[in-house]
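> Pasting the sequence and the predicted coordinates here, then a few questions.
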Amino acid sequence: MTNKKMTRQQVAEIALAARAKGEQPSLAYANLTGLDMTGLDMTGANLTGADMSHTNIDYANLRDAKLCHADLTGANLTGTNLTAADLTGATLTAADLEGAALHGAILTDADLYRANLGG
């Protein structure tokens, strides 16, 4: 992926096209900073190394997603489904995870400094 910042529409189109082919969306190393991804279905998406800092991802579905080494600094993940997501080495500094589903999520070496895990 390029370092050019993507739009919500581009992300949604990539997800839709991948699913139409029976594949999982791949946005590895994408620049998604500050994007509004509220409610998007990104089940199984490869977001390895993506810059998702200050992104609004509330109530999205990231079940089984690969978020290894993704930057989620200051991201809003309120109510997001992160069930079985791989967040190995992800940066979640000051992220809001209130009400997020983290059942079976892999958080090995994830940075949760000042993250809100309430609710």
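Noted; the coordinates are in hand.
> quick one: contacts for A105?
82-87 (C-beta atoms under 8 Å, 6 or more residues apart in numbering). To be clear about C-beta, it is placed using only N, CA and C from the backbone, and glycine gets the same treatment.
> tell me the pLDDT at it?
Note on A105: pLDDT of 98.
> Neighbour-wise, which one of the contacts of A105 leads?
Neighbour counts for those, by other C-beta atoms under 10 Å, peak at A85, which reaches 30 neighbours.
> Pretty sure that one sits against L62.
Yes - the pair A85 / L62 is scored as a contact, 5.3 Å apart, by C-beta atoms under 8 Å.
> quick one, what contacts the closest residue to I57 other than its chain neighbours?
With sequence-adjacent residues excluded and distances taken as C-beta to C-beta, 6 or more residues apart in numbering, I57 is closest to M37, at 4.7 Å. The contact partners of M37, taken as C-beta under 8 Å, 6+ apart, are 8, 11, 55-57, 60.
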